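Student: Make a model of this:
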Amino acid sequence: MKKRNAVVVLLPLLLITLLVGWACSRFTSPPSKTGAPSATTTDAPQPKWVGPPPGAKYVGSESCVKCHEESTQRFHKTKIGRVMSVNPRATQGQGDCESCHGPGGPHVATEGGALETVISFEKGAEPVEVQNAVCVKCHEKGEHTFWKGSTHEVRGVACVSCHKVMESVSDRYNLAKPTAIEVCSQCHQTRRAQLQRSSHMPLREGKISCGDCHNPHGTATQAMLREDSVNDNCFKCHAEKRGPFLWEHAPVTESCSNCHEPHGSTNERLLKVRVPRLCQQCHVETRHPTSPYDPRTGSRFVINRGCINCHQKIHGSNHPSGFAFTN
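Tutor: From the prediction side, this is the model:
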């Protein structure tokens, strides 16, 4: 009886298995006898860049326009396009299209072939080092002095990841997105989220930009700051906090970021922690109680849960009796 029940159960399963295998064989395309790829195979990869051959000739931008008229017109409407086509500032830019893409002789001679001899700036088309080397030929001074060895260069960030040269997308700097925040947010998602907090720097409103504090092309300072230190960066706008003060507050002179989160905070004034907890990170059990407010004792030292109700000159004081930053 048990054997009969097992046969009754296994026969339908075997039948279903045979039907599924038959259906798969019907709808799977058979391999081609000639060795040609079937319809389900992917397209052949782009030819790997090998660079222009020795003696490759420059043919001039007129030859490029014959096939790439639309893209050339868009390029000449950009700032860099107008500079290169009307009044190139350096000898490297006098070749117009071929200044960036290399000599087009082999490409033109083969009527659009020999793609491996010209430089393409599409994502992943050429090695990042090859693409960036073209840009660095002209952009190697001033803002770009510290590009080599910078955080972005070491991590393989391509210039075309942030800039779009062939058409105007932004008002300034040929950015790949309309604003600098959108460009930086492609990688710095955490900073973008911080900017959405209630207390934030006015980047969302367009009053300042990421580039006002950071130089994305590299600096000799930490976090690619434009100034020598965090404080010097902040003092560009908050000059009243610079001093010098007769009574200096140690964490202030060390770094503004000890107390403030410059990219955005859920606390007022970009504070990392709410007062008085922020103060009690350093001032633990020193004359004032550690609890912000003790209803049993009616502590008078933290009125309205804020140390700065008394210590108003917390960034520094020049008053002769302002050693406690009260005046």
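
Student: wait, isn't D96 in contact with S63?
Tutor: No - the pair formed by D96 and S63 falls short of the contact definition of CB atoms under 8 Å, at 10.8 Å. All C-beta spots, glycine's among them, are computed from the backbone N, C-alpha and C.

Student: Among the two, which residue is more densely surrounded?
Tutor: Regarding D96 and S63, a neighbour count based on other CB atoms under 10 Å identifies D96 as having more, with 21 against 16.

Student: Quick check: that one vs G156, distance?
Tutor: From D96 over to G156 the distance is 28 Å, taken as CB to CB, to the nearest Å.

Student: residue boundaries of the helices in the protein?
Tutor: Taking DSSP state H to define them, one finds helices in the chain at 2-27, 61-65, 69-76, 79-86, 97-101, 105-109, 128-136, 151-154, 159-162, 180-184, 189-194, 230-235, 250-254.

Student: and the ones you listed, which is most packed in?
Tutor: Using mean count of other CB atoms under 10 Å, the stretch among the helices of the chain with the greatest mean number of neighbours is helix 97-101 (a mean of 21).

Student: by contact count, what packs against that one?
Tutor: Helices and strands touching helix 97-101, as assessed by 3 or more CB pairs under 8 Å, 6 or more residues apart in numbering; DSSP states H and E, comprise helix 61-65.

Student: who touches the helix it packs on?
Tutor: 72, 85, 95-98, 104, 108 (CB atoms under 8 Å, 6 or more residues apart in numbering).

Student: Can you lay out the residues you listed as JSON lines showing pLDDT?
Tutor: What follows is the contacts of helix 61-65, written out as JSON lines (pLDDT from 0 to 100):
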{"residue": "T72", "pLDDT": "88"}
{"residue": "S85", "pLDDT": "77"}
{"residue": "G95", "pLDDT": "75"}
{"residue": "D96", "pLDDT": "82"}
{"residue": "C97", "pLDDT": "87"}
{"residue": "E98", "pLDDT": "88"}
{"residue": "G104", "pLDDT": "90"}
{"residue": "V108", "pLDDT": "90"}
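
Student: which of these sit farthest apart?
Tutor: S85 and V108 (19.1 Å; CB to CB).

Student: circling back: take the helices of the chain and write them to CSV, including distance to G206.
Tutor: Formatted as CSV, the entries for those read as follows, by distance: least, CB to CB, whole Å:
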stretch, distance to G206
helix 2-27, 56
helix 61-65, 37
helix 69-76, 26
helix 79-86, 20
helix 97-101, 31
helix 105-109, 42
helix 128-136, 27
helix 151-154, 24
helix 159-162, 19
helix 180-184, 9
helix 189-194, 15
helix 230-235, 20
helix 250-254, 29
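
Student: Tell me which of those sits nearest to S265.
Tutor: Closest of these to S265 is helix 189-194, at 7.6 Å (criterion: CB to CB).

Student: Of the helices of the chain, which is nearest G306?
Tutor: Between G306 and those, the tightest spacing by CB to CB is seen for helix 250-254, at 17.3 Å.
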